[in-house]
Structure formats: structure tokens, C-alpha cells
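J.: Pasting the sequence and the predicted coordinates here, then a few questions.
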Amino acid sequence: AIEMHEHALRIAQETSDLLSEGITCGNLGNNYHVQGNVDRALEMHQKNLHIAETLDNRQSAGVAKGNIALCYRTMGEQYSIQGLSEQAVCNLTEAINWYDQQLQIRSELMDKAGVEAATKNIVYCRDQIGQLTRGEEVQKLADLGHHSKNEGQYTNAIALYEQALVILEEVGSLTGGGRMC
């Protein structure tokens, strides 16, 4: 697949087709990432972002920023396998910064699913480095509860929802309680 995308990239560059070049850089980045070549994936996603910004394509810029964040997240996870090192924290913090930028774009575009995905990715990264806010902790517990419920693990789901409710009661906010079930 990489050879095919590299061929498509050459054609796009030869014909000065910036849109196709950006899309192809993103596709190459995704392929490199899947193959474990995160540095090369990051390079391709950064090229995609540059092209998206040149074309003033907010949708593509949001996708590229999310992919850049995913590269940093992957690098952070690779470092954290040996324990939460300074490099892991640095990479995961960088991922959070990129996800925040993606979240801003998704919000501007009123992309509800994109906002939810970016928010969950931010929560995941903050959880990895031990920096969850109480609200994010509630969201994480509710998400785990939803997953358990969907898997038919109702006892576990109830326990997770109850933990979330305890936190909501502690902070004096039960406005999110109805959305957990």
C-alpha cells in the first residue's frame, strides 16, 4: 500500500494537485503508523497539515492534527512501557496539545462526533500521565460503564456508574448524572 501511495504522491506533486497531495500524505502517514514507523508517520501528517492550512481546509487540518496527536500518543505509550518516564510524559503532553487543537477545530465545525472523540483522547492521555480533572475522571468512569453495559457486564457497569456518582456528589454537581446510563 505504501508503494501505491508514494506513486500517487509523486503524481500529485508533478501535477501540482495540492488537495490530492495532502490526502495522500495523510494516507501514507496512516500506513507508516500501522507499520510502526511513527517518526515517518509524523512527518507525513505534518506535511498533510501544512497543505491543509495552505488550502484553508479546516476539516483536513483537524484530521491531520488528530493524526499528529496520535503519533505523539503512540510514542508516549512506547516510552511508558518501561514506566512513566519524562519522555513518555513529554510525548503524551504533546499529544494533548494537538488533541486540544483538533478539539477547537471540531467545535468550530460543529462536529459532535469529532468533539467527543477528541475529548476522549485528551482524557485518555491525561489519565496516562495522572492528570485527570474530577470531571474527566467522571467521564472515564461513565465511558467504562457504557462499555461494560454494552458487553453485558451489568454488575461492573453499575459499580462504575456508582463511582462516577460519588465523585459528582463530592464536587456538588449531579448535572452529568442523567447522561451516564
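T.: Ah, there it is. Residues are numbered from 1 along each chain as shown.

J.: Show the contacting residues for Ile105.
T.: Arg58, Gln59, Ala61, Gly62, Lys65 (CB atoms under 8 Å, 6 or more residues apart in numbering). Every C-beta, even on glycine, is put in place using the N, C-alpha and C of the backbone.

J.: In ChimeraX, select just the buried ones from those.
T.: Filtering those down to the buried ones (16 or more other CB atoms under 10 Å) takes a single ChimeraX command:
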select :58,61,62,65
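
J.: what sits up against stretch 108-117?
T.: Here stretch 108-117 makes contact (CB under 8 Å, 6+ apart) with Arg58, Gln59, Gly62, Gly66, Gln102, Leu103, Arg106, Ser107.

J.: residues near the fourth one, how many?
T.: In terms of burial, Gly66 registers 22 neighbours under the definition other CB atoms under 10 Å.

J.: if I pick it, what's in contact with it?
T.: So Gly66 contacts Trp98, Tyr99, Gln102, Ala117, Ala118, Asn121 (CB under 8 Å, 6+ apart).

J.: let's go with 7 Å and repeat that
T.: By CB atoms under 7 Å, 6 or more residues apart in numbering, the residues touching Gly66 are Tyr99, Gln102, Ala118.

J.: Please apply the same query to the third one.
T.: Gly62 makes contact with Gln102, Ile105, Arg106, Leu109, Gly114, according to CB under 7 Å, 6+ apart.

J.: Please identify which helix or strand holds the third one.
T.: Okay, so that is Arg106. Assigned by DSSP states H and E, Arg106 belongs to helix 86-108.
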